[in-house]
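**Q** Turn this into a model:
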Amino acid sequence: MRTTLRGNRGQGSRVDETWQEFRVALVHAQSQWNVGDAQPFQALWSKGDDVSLFGGQGGLQIGWAAVGSRLERAAQQALATRGSGLYSCETLVEQVTLDLAYTVAIERVQQGDQVVATVRVTQIYRCESGRWRILHRHTDYA
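**A** Here you go, the predicted model:
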């Protein structure tokens, strides 16, 4: 697994140890998600009624029940269409405040020398009881 965590942190950015640990866990979880295991990625989401997902396949899911179910289906679709490719995430923009953060990134899945998926991703995060959680994910294919 190759992980790229780089990017531009906005002015006033607050990056502490909890954020850094979350980001490492997030990249690992997304790697697992891209080979069919949704559980680690789902574990990093807020479980409230205000979570939302605009997935790369279209549609809008709101609330944890709908989002969690869609993440499971997407993991199985990724496994079926991409196999066990190498996942990478290039963070282009990162802004972190005391309780909210967002990232803009390019995610890629590579099999051998060929990139089989390139996705533009914007994610919003919220700190809940001292732990960062995903609040929203918006993706589209580049």
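**Q** Which parts of this structure are helices?
**A** 17-33, 39-43, 64-82 (DSSP state H).
**Q** For the last one, what does the pLDDT average out to?
**A** Pointing back at helix 64-82 there. For helix 64-82, mean pLDDT rounds to 87.
**Q** if I look at residue 65, how far off is residue 48?
**A** The spacing between residue 65 and residue 48, counted by Cβ to Cβ, to the nearest Å, is 11 Å. For the C-beta atoms, the positions are set from N, CA and C on the backbone; glycine is no exception.
**Q** repeat for residue 89
**A** 25 Å.
**Q** Check residue 58 too.
**A** Remark: distance between residue 58 and residue 48 (Cβ to Cβ) = 23 Å.
**Q** Pick out whichever of the two has more residues nearby.
**A** Between residue 58 and residue 48, counting by other Cβ atoms under 10 Å, residue 48 is the more crowded of the two (13 against 7).
**Q** In contact with that one, which residues are there?
**A** Residues in contact with residue 48 (Cβ atoms under 8 Å, 6 or more residues apart in numbering) are 63, 64.
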